[in-house]
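Trainee: Got a predicted model here, sequence first, then my questions.
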Amino acid sequence: MASLPGGRADVVLIGYQDQGNLGMGYLAATLLEHGRTVELIDVRDGPARIAARLRADPPLVVGFSLIFQFFLPQFRRVAAQLRRAGVTSHFTIGGHYPSLCHDEVLRQFPELDSVVRYEGEVTLVDLVDRIAAGGGWHDTPGLAYLRGGQVTESPPRALIHDLDALPFPYRPLEPEQIIGFPTLPLLASRGCARRCSFCSIHTFYRTAPGKVVRVRRAEKVIEEMLELEQRHGARIFLFQDDDFPLWGRAGRKWVDELADRMHETGLAARAVWKISCRAEYVEPELFAKLRDAGLFLVYMGIESGVESGLEILHKQMTVEQNLAAVRTLKQLGIWFSYGFMAFDPSSTFASVRQNIAFLREIVGDGYAAATFCRMLPYGGTPIRDRLAMEGRLRGDVTHPDYDFLDPRLNEYYRLLRRAARVWIHDDGLSHELNWAWDELETIRRLLPAADGMAAYRTALAALTAESNEQLFRLVEDSSAAFERGDRSLLDPAAAQGQYEASRIRLLDLRNGFIAGNLDVLLDATSTAAIRGPVMAPQTH
């Protein structure tokens, strides 16, 4: 829990606090700027502990910050416990899913009084002020609620036009670390100009009135980075923009100014940073300049290595554009990670193998660990509407699903997911390999004189390539066998054995490199512990 001194909080915001949760941070900072007291609580504190805290001193408003609809039951358990404990505060909720599917949320979550739709900073301040004054709140712009059992919407509130008018996010928690270096998220922009069918981001920004994409002034972004460096010792910055502002002439001008100011302030020499962008923006001259200004990691939503997959996902990209971006980043020495949906509503056994062939082309050399997932039809997305119209939508509100056109793929994916879990799950080998790469790239940029770096990099690439190939062969061989009616290759026990052997090698390799540079790392980070998720064995 994180709170401010000064007695009872007017507003308690409940949500996940990973990487500081910028959404909650902006809400809290705006409330504080308007004279309100705020407390932030991590939903993982659990219903009982949260209820004990709020029962003793209930706030005016409890706000739930929902990142993914999958977590809706968890948030509702907290709200139900609060109501049973006698907390009569106004309960509201915000986020992409509540904004776009407020009718579903209100009916699934009866403890709620309202839903804050779209960007919530101004709406939440307005709502709290009205409740504090004891007046009516139902006509507050930007809300949805039930009235007489019917879903009712107040007039929509426009998106915030000038992002620089917002205060910097409230950050009461200690920053997370990568190999001892404090790491913090920030935003340069809001909104996305594209219309991917599986993504709710563009519908979120297009449904509300106002300009879809807004960009902060480069000097304001640099000012925030310098403040985070001074206050928290931040050396690694994670830009969480839906699509980092690189598009067109205006984007190029903006990013040129950002890079120039990185050099002017010395941030280019002291810090590294990560962005998310579309592959089509990756071109040699621009990204060489960004690399020299500290860019060390690019996340791209590649999503598919098959033209038909890119089409149904409405990526408005080609396979060759994605390949060209990967080639450019490798040539420039910039590490990359990616989103990839080897399974989507158009998938066939043949397209799954095509996707694996694509992954082999981009990471078969061990440049990054292979990972993939299945596209899910989240609320508020065009593809969910299409699947519903086709009669293929399955699951429920919190676990949306669909049927493949080839019904055999439904069973195959279920069995493959079990067998490949040791690679592609959040705590699997691919995740741990990519964490090791993240560490290495951080050290390479911030501590270039570290001992044994070239040898470690070569060994890590070899291990990553070997792990990737094991995963690729599992999918290729098992999919071909499954088509023939043979399920024997989808054996979780065999995959577990491969995982355990590779993980032991990774532990030895990574920990040996860190041990050889421990004094240098401790001197650079002034911390007593260098931690990472691959240092100690885990049980799966």
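Mentor: Thanks, I have it. Residues are numbered from 1 along each chain as shown.
Trainee: Compute the distance between the residue nearest the centre of the chain and residue 62, please.
Mentor: The centroid of the chain falls nearest to residue 240 when counting by Cα atoms, centre = their mean (7.6 Å). According to Cβ to Cβ, to the nearest Å, residue 240 and residue 62 sit 25 Å apart. (C-beta placed from N, C-alpha, C; glycine too.)
Trainee: before we move on, what about residue 213?
Mentor: In terms of Cβ to Cβ, residue 213 sits 32 Å off from residue 62.
Trainee: can you check residue 111 too?
Mentor: 10 Å.
Trainee: okay, and the common contacts of these two?
Mentor: Shared contacts of residue 111 and residue 62, defined by Cβ atoms under 8 Å, 6 or more residues apart in numbering, comprise 79, 82, 91.
Trainee: Neighbour-wise, give me the winner out of those.
Mentor: Counting neighbours by other Cβ atoms under 10 Å, residue 82 comes out on top of the shared contacts of residue 111 and residue 62 with 24 neighbours.
Trainee: Would you confirm that that one contacts residue 51?
Mentor: Yes. Assessed by Cβ atoms under 8 Å, residue 82 is found in contact with residue 51 at 5.3 Å.
Trainee: so residue 315, which of the three states?
Mentor: At residue 315 the chain is in coil, as set by DSSP: H, G, I helix; E, B strand; the rest coil.
Trainee: which residues does it contact?
Mentor: Contact analysis of residue 315 by Cβ under 8 Å, 6+ apart lists 194, 196, 301, 303, 304.
Trainee: again, only this time at 10 Å
Mentor: Contact partners of residue 315, counting by Cβ atoms under 10 Å, 6 or more residues apart in numbering, are 194-199, 278-280, 301-304, 307, 309, 321-322.
Trainee: do the same with residue 31
Mentor: Applying Cβ under 10 Å, 6+ apart to residue 31 gives the contacts 9-11, 13, 37-38, 61, 63, 121, 124-125, 128, 167, 170.
Trainee: Separate out the buried members of the residues you listed.
Mentor: By neighbour count, with 16 or more other Cβ atoms under 10 Å, those hold 9-11, 13, 37-38, 61, 63, 121, 124-125, 128, 170 as buried.
Trainee: nearest to residue 148, of these?
Mentor: Using Cβ to Cβ, residue 61 is the member of those that lies nearest residue 148, at 22.8 Å.
Trainee: so what's the closest one scoring on pLDDT?
Mentor: We have a pLDDT of 97 for residue 61.
Trainee: What does it show for phi and psi?
Mentor: With angles defined as degrees, to the nearest 10, residue 61 sits at phi -140, psi 140.
Trainee: my read: it touches residue 91, true?
Mentor: Yes. The criterion here is Cβ atoms under 10 Å, and residue 61 meets it with residue 91 at 7.8 Å.
Trainee: show me where the stretch 301-450 of the chain has helices.
Mentor: For the stretch 301-450 of the chain, the helices defined by DSSP state H, counting those that start in this stretch occupy 307-312, 319-332, 349-363, 382-389, 408-424, 429-446.
Trainee: Of all these, which one is nearest residue 97?
Mentor: Closest to residue 97 of these, according to Cβ to Cβ: helix 382-389, at 11.2 Å.
Trainee: Could you list every helix and strand in contact with the closest one?
Mentor: strand 393-395, strand 400-402 (3 or more Cβ pairs under 10 Å, 6 or more residues apart in numbering; DSSP states H and E).
Trainee: now the ones you listed in a markdown table, with mean pLDDT and distance to residue 190?
Mentor: Supplementary listing: those in a markdown table, determined by pLDDT from 0 to 100; distance: least, Cβ to Cβ, whole Å:
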| stretch | mean pLDDT | distance to residue 190 |
| --- | --- | --- |
| strand 393-395 | 92 | 30 |
| strand 400-402 | 93 | 25 |
